[in-house]
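Colleague: Here is a sequence with its predicted model. Questions after.
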Amino acid sequence: MSILANGLTDHRIPDFRDHAAVIARLSPTITDLGKARDYWRSVSADSTEPHPVWSVEHFGEGETEYIAYRGPGGFSVHFGSHVAVVGAGCRYSGFATIPALQAAHLPGFRAVASALGGTRLVLVPEDNGPIWDAAMYEGASVDECVKLIRRTWGEPHSPTEVVTEDLDVYYRRKAPIWYVEVLQQTA
């Protein structure tokens, strides 16, 4: 199963199409994202870094416009009107079961969400279904996304930690583990 880890966060970006402004906000996260890059280099000598700094991919116009911000460590950001989806280049099952992988990626998720002005971070497996649609296309808030996730998968796991190191145990669950964190606000 190749479902990647995602974080949903509210954001305070007035215009996510202002590439220079978004990249300026994301640039201070590079140190935290470097932990994920270093993790991948430690487990795979062939690991490469396609985006050593934040960059933007822009496709289409108008209704079909698609913007993706790509950063170090396999991180990315996509914007809905109220929610930003922070993606990471790691399998969610690994995030929930491998201590070193979670320790390398969690600071990146937190740093990106905070840089975007987020107050909460909801960590979930990649979902190109109802959760993704609500966040990206339907203008849902983080609260609305949390309600949808809770209805679908039950209560979040607290705190954000590895729940088991046994993949068989993880995959026997009826629903994936998910997490909600309140982010510290900086001045």
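Modeller: Noted; the coordinates are in hand.
Colleague: Next up, the contacts around Ala96.
Modeller: 102, 162-164, 170, 176-177 (Cβ atoms under 8 Å, 6 or more residues apart in numbering). Placement of C-beta: from N, CA and C, glycine included.
Colleague: Pull out the buried members of these.
Modeller: The neighbour count (16 or more other Cβ atoms under 10 Å) marks 102, 162-163, 170, 176-177 as buried among the contacts of Ala96.
Colleague: if we can go back for a sec, and of the contacts of Ala96, the nearest to Ser47?
Modeller: Using Cβ to Cβ, Gln102 comes nearest to Ser47 of those, at 17.8 Å.
Colleague: quick one on the thing from earlier: can you put the contacts of Ala96 in a markdown table and add secondary structure and distance to Ala115?
Modeller: Shown next, in a markdown table, are those (DSSP: H, G, I helix; E, B strand; the rest coil; distance: Cβ to Cβ, whole Å):
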| residue | secondary structure | distance to Ala115 |
| --- | --- | --- |
| Gln102 | helix | 20 |
| Val162 | coil | 25 |
| Val163 | coil | 27 |
| Thr164 | coil | 31 |
| Tyr170 | helix | 30 |
| Pro176 | coil | 26 |
| Ile177 | coil | 25 |
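Colleague: and which of these is nearest Tyr39?
Modeller: Distances from Tyr39 to the contacts of Ala96, taken as Cβ to Cβ, are shortest for Gln102 (9.8 Å).
Colleague: pLDDT score assigned to the closest one?
Modeller: Looking at Gln102, its pLDDT stands at 97.
Colleague: likewise Val122?
Modeller: Looking at Val122, its pLDDT stands at 97.
Colleague: now Ala45
Modeller: 85.
Colleague: sorry, back to before: reformat the buried ones among the contacts of Ala96 as TSV; add distance to Lys147.
Modeller: Formatted as TSV, the buried ones among the contacts of Ala96 follow (distance: Cβ to Cβ, whole Å):
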residue	distance to Lys147
Gln102	26
Val162	26
Val163	22
Tyr170	25
Pro176	17
Ile177	18
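Colleague: Between those, which sits nearest Tyr66?
Modeller: Ranked by distance to Tyr66 (Cβ to Cβ), the buried ones among the contacts of Ala96 are led by Pro176 at 26.3 Å.
Colleague: give me every residue that touches that closest one.
Modeller: 92, 96, 124-125, 153.
Colleague: Run through this structure and note the low-pLDDT ranges.
Modeller: Within the chain, the ranges that satisfy pLDDT under 70 run 1-2, 186-187.
Colleague: run the last query once more with 50
Modeller: Within the chain, the stretches with pLDDT under 50 are 1-2, 187.
Colleague: Walking through it, point out its helices one by one.
Modeller: For the chain, helices defined by DSSP state H occupy the ranges 19-26, 30-43, 92-97, 99-115, 130-136, 142-153, 167-171.
Colleague: among these, which is nearest Ser55?
Modeller: helix 19-26 (7.5 Å).
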